[in-house]
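J.: got a structure for you, letters missing:
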């Protein structure tokens, strides 16, 4: 499977290439009242309002100010396109078979599909379909509908 490898706070992560739409420089995020904590806010991309997911918040890392070097990974889910704020994109790589199926090992972990071993370390592969709980998904839907 091909994945886009990126980093957040020095930790390496990935998304499957087939979920990716594009990479774009990060820009100002508009707060989205009522959105779940892992959602920083929203951005306008070509007239579409996209929620911005914070992997930092999702993983319990400290927030920090937006940097000029930050980027948005624009990806598709079955419900909508979303932007994932990351520090940098490293490369597109072929990922070997997972060494850990996270759903089996740690059923409470949300948004991580699997862990693979690369020559230079472990890589968490995320599934944006499972980033939010059902309650958080409903809260996001409501926040996006607000004028």
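T.: Happy to help now that I have it. Treat the numbers as computed from the prediction; the structure is a model and nothing was measured. Numbers count the residues shown, from 1 in each chain.
J.: immediately after the helix or strand bottoming out on mean pLDDT in the chain, which helix or strand?
T.: For the chain, the helix or strand with the lowest mean confidence is helix 102-105, at a mean of 58 (criterion: mean pLDDT, DSSP states H and E). Note on helix 102-105: by DSSP states H and E, the next helix or strand toward the C-terminus is strand 112-118.
J.: list the buried residues in that following strand.
T.: Under the neighbour-count criterion of 16 or more other Cβ atoms under 10 Å, strand 112-118 has 112, 113, 114, 116 buried. Using the backbone N, CA and C atoms, a C-beta is placed for each residue, glycine as well.
J.: neighbouring strands of that strand in the sheet, and parallel or not?
T.: strand 100-101 (antiparallel), strand 121-126 (antiparallel) (DSSP bridges).
J.: distance-wise, check residue 44 relative to residue 111.
T.: Separation of residue 44 from residue 111 (Cβ to Cβ, to the nearest Å): 24 Å.
J.: between these two, who's got more neighbours?
T.: Shown here are residue 44 and residue 111; by other Cβ atoms under 10 Å, residue 111 has more neighbours (19 against 10).
J.: to residue 63, which of the strands paired with strand 112-118 lies closest?
T.: Nearest to residue 63, of all the strands paired with strand 112-118, is strand 121-126, at 18.7 Å by Cβ to Cβ.
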